[in-house]
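K.L.:
task: produce atomic coordinates for the following.
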Amino acid sequence: MKALLLAMLLGLLSGCSGLRLVDAQVKTGTAGMAIEPGARYRFDRLPSQTEDIGRTQELEAMAEQALAQVGLVLDEQQPRYSVLLGARMQPYLANAWGQPLGTAPGGAYGSVMIGTGSAMGGMFGWGMRFPPPTHYGYEVSLVLRDLASAQVVYDTRATHSGPWSDSANLLPALFRAALQDFPEPAPGVRQVNLEIPR
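P.N.:
This next block holds a predicted model:
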């Protein structure tokens with residue numbers, strides 16, 4: 001019996017070892033206008049987002065997959081809505097609990113870029129690793145605007161902090177988290193958990 005339980009436990013552990021949890025904090029605002037399934041949209045770009053067009057197109061491809069999962073269709077010719085994206089990753093030095101040392105990661109989120117700055121400082125105490133580990137703060141945003149009225153009808157933002165630097169895997173998950181429960185999200189800040197491969 002003990003051998004069977006041990007085998008089952010090992011099987012569960014090996015089955016879970018290929019996944020990791022992305023715990024995103026999501027905040028969404030709506031204008032109360034109905035967004036019909038199959039609605040068509042185009043991507044809008046800020047002037048700064050055209051400077052690195054390759055990176056911008058990568059982010060648009062990530063967001064397009066998440067938007068398709070909630071029923072929206074990319075159509076540059078006859079869109080009803082425009083979608084403006086934002087994405088950022090910022091490294092920071094962390095304590096043993098993953099909290100920032102010194103100045104927390106911050107700045108104006110919304111530009112399509114991967115930040116290169118890091119937060120440094122703080123006091124070292126017993127049990128602190130040296131050098132302290134680097135963690136990464138991520139944030140993505142989507143702003144959906146009705147082209148006929150120029151009114152923002154849906155805006156959403158998702159953030160996540162953790163030890164992973166592979167933005168190519170984290171950012172698509174955050175776009176999916178940001179669109180969780182579209183088009184009628186729960187009010188306030190909510191936590192959305194997604195599992196992605198390690």
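
K.L.:
host element of Gln65?
P.N.:
Element membership for Gln65 (DSSP states H and E) is helix 53-69.

K.L.:
could you list the buried residues of that helix?
P.N.:
Buried residues in helix 53-69, defined by neighbour count with 16 or more other Cβ atoms under 10 Å: Thr56, Glu58, Leu59, Glu60, Met62, Ala63, Glu64, Ala66, Leu67. Every residue, glycine included, has its C-beta placed from N, CA and C.

K.L.:
show me the contact partners of that helix.
P.N.:
41, 43, 45, 49-50, 74, 83, 85, 87, 112-114, 140, 142, 168, 171-172, 175-176, 178-179 (Cβ atoms under 8 Å, 6 or more residues apart in numbering).

K.L.:
narrow these to those in helices?
P.N.:
Ala168, Leu171, Pro172, Phe175, Arg176, Ala178 (DSSP state H).

K.L.:
just the buried subset of those, written out for ChimeraX, thanks.
P.N.:
Applying 16+ other Cβ under 10 Å to these, the buried members can be selected in ChimeraX as follows:
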select :171,172,175,176,178
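
K.L.:
how about TSV for the ones in helices among the contacts of helix 53-69, with pLDDT and distance to Gly188 added?
P.N.:
Formatted as TSV, the ones in helices among the contacts of helix 53-69 follow (pLDDT from 0 to 100; distance: Cβ to Cβ, whole Å):
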residue	pLDDT	distance to Gly188
Ala168	94	30
Leu171	97	24
Pro172	97	25
Phe175	98	20
Arg176	98	20
Ala178	98	15
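
K.L.:
got the ones in helices among the contacts of helix 53-69 as CSV, with distance to Leu21 columns?
P.N.:
What follows is these, written out as CSV (distance: Cβ to Cβ, whole Å):
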residue, distance to Leu21
Ala168, 18
Leu171, 16
Pro172, 15
Phe175, 17
Arg176, 14
Ala178, 17
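
K.L.:
before we move on, back to that, between the helix holding Gln65 and helix 167-178, how big is the angle?
P.N.:
40 degrees (axes from the mean of the first three to the mean of the last three Cα atoms, to 10 degrees).

K.L.:
ok, the residue nearest the centre of the chain to Val192 distance?
P.N.:
The residue at the geometric middle of the chain, judged as the C-alpha nearest the mean C-alpha position with Cα atoms, centre = their mean, is Leu174 (2.5 Å). According to Cβ to Cβ, to the nearest Å, Leu174 and Val192 sit 9 Å apart.

K.L.:
shared neighbours of the two, anything?
P.N.:
Ala24, Ala158.

K.L.:
how about stretch 84-100 as PDB, C-alpha atoms only?
P.N.:
Taking Å, rounded to 0.1, in the frame of the first residue of the first chain, the C-alpha atoms of stretch 84-100 are listed here in PDB:
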ATOM      1  CA  LEU A  84      -3.400  49.800 -28.600                       C
ATOM      2  CA  LEU A  85      -0.900  47.500 -26.800                       C
ATOM      3  CA  GLY A  86       1.600  48.100 -24.100                       C
ATOM      4  CA  ALA A  87       4.200  45.700 -22.700                       C
ATOM      5  CA  ARG A  88       7.200  46.000 -20.300                       C
ATOM      6  CA  MET A  89       9.600  43.800 -18.400                       C
ATOM      7  CA  GLN A  90      11.900  45.300 -15.700                       C
ATOM      8  CA  PRO A  91      14.500  43.400 -13.800                       C
ATOM      9  CA  TYR A  92      15.100  44.100 -10.100                       C
ATOM     10  CA  LEU A  93      17.100  42.700  -7.200                       C
ATOM     11  CA  ALA A  94      14.900  40.600  -4.800                       C
ATOM     12  CA  ASN A  95      15.100  39.400  -1.300                       C
ATOM     13  CA  ALA A  96      14.500  35.800  -0.200                       C
ATOM     14  CA  TRP A  97      10.700  36.300  -0.600                       C
ATOM     15  CA  GLY A  98      10.900  37.800  -4.100                       C
ATOM     16  CA  GLN A  99      10.200  41.400  -2.900                       C
ATOM     17  CA  PRO A 100      12.200  44.200  -4.400                       C
END
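
K.L.:
before I go, just wanted to say thanks for your time.
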